[in-house]
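1. What follows is a predicted protein model with its sequence.
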Amino acid sequence: MKSRSGIYHIMLRGANRQEIFHDDEDCLKFLDLLHTYKLKTEVEMYGWCLMSNHVHLLLREGNEDISATMKRIGVSYVSYYNWKYGTSGHLFQDRFKSENVENVQYLLTVVRYIHQNPLKAGIVKRVDEWRWSSCRQYYGTHDEGSKLLDPEFIFGMFSGDNILARERFIEFNEKVNQDQCLDNHMDNRRVTDEEAREMIKKLLIETEIAQVKSLPRLQRDEILKKTKGIKGLSQRQTARILGVSRTLISKA
């Protein structure tokens with residue numbers, strides 16, 4: 001259903017919950033694509049957060065249907081990803097998930113939910129420590145995300161004075177909460193996955209993690225078989241990190 005306000009909370013997730021960002025270059029590329037299509041489609045960007053295997057966006061639809069804009073962004077990033085890692089096929093699960101944001105209270109809830117994603121996942125101790133969200137731009141940091149954010153709309157809900165608005169926003173943004181938005185049941189065990197990723201890297205030697213799913217079957221299955229011997233590593237984690245199905249792993 002179309003949002004009456006034109007504002008949407010959108011989530012993109014890796015197929016089989018696989019990682020879609022492997023390094024800073026990947027994150028920077030995605031932000032650059034967001035900025036490119038922000039200019040072309042005139043969307044307004046109110047928030048984002050890039051995690052290892054999913055993305056949250058909060059934006060207002062521009063001069064075309066939001067589905068068309070998200071398709072442009074998705075296709076462009078997949079093209080870059082497949083070129084960089086020598087892979088092919090689907091990267092994202094489904095098209096994208098979205099929910100309408102049609103009142104001020106829920107709009108602010110979604111902003112806070114997006115910014116606290118890394119905090120609740122245990123990756124950082126403070127929301128503004130995560131480089132790949134819009135939080136630091138709201139707090140006044142000028143970096144690669146500054147040109148992407150449209151903060152005035154959100155700040156205007158706290159005060160007409162920019163300094164006071166930022167102070168009140170920070171207080172709201174860091175408040176402990178039980179916010180529930182869109183898909184609150186995603187597996188964000190990032191610290192455990194980070195350890196698992198390092199274990200898998202030691203097995204691969206000269207092969208990139210993103211390339212495993214595209215290897216010849218025998219070579220791929222040999223790697224999957226070895227991952228099952230790693231103590232404490234679940235097949236679910238392996239599937240998510242390598243972008244393959246759990247069935248393939250269990251049969252290897």
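-> That came through fine.

2. in stretch 204-223, what counts as buried?
-> Neighbour counts using 16 or more other Cβ atoms under 10 Å place 209-213, 220, 223 of stretch 204-223 among the buried residues. To be clear about C-beta, it is placed using only N, CA and C from the backbone, and glycine gets the same treatment.

3. any chance of the residues you listed in TSV, with secondary structure and pLDDT too?
-> TSV is the format used below for these (DSSP: H, G, I helix; E, B strand; the rest coil; pLDDT from 0 to 100):
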residue	secondary structure	pLDDT
I209	helix	90
A210	helix	90
Q211	helix	90
V212	helix	89
K213	helix	89
R220	helix	89
I223	helix	89
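
4. Kindly indicate which of those lies nearest A121.
-> The closest of those to A121 turns out to be I209 (Cβ to Cβ; 19.5 Å).

5. List the buried residues in the least confident helix or strand in the chain by mean pLDDT.
-> Least confident helix or strand of the chain, by mean pLDDT, DSSP states H and E, is helix 190-204 with a mean of 74. In terms of neighbour count (16+ other Cβ under 10 Å), helix 190-204 has its buried residues at 190, 193, 196-197, 199-200.

6. what helices or strands is it leaning on?
-> Secondary-structure packing of helix 190-204 (3 or more Cβ pairs under 8 Å, 6 or more residues apart in numbering; DSSP states H and E): helix 217-227, helix 235-242.

7. And those helices: which comes nearest Y77?
-> Of all these, helix 235-242 sits nearest to Y77, with 18.5 Å by Cβ to Cβ.

8. okay, the angle between that closest one and helix 190-204?
-> On the basis of axes from the mean of the first three to the mean of the last three Cα atoms, to 10 degrees, helix 235-242 is oriented at 70 degrees to helix 190-204.
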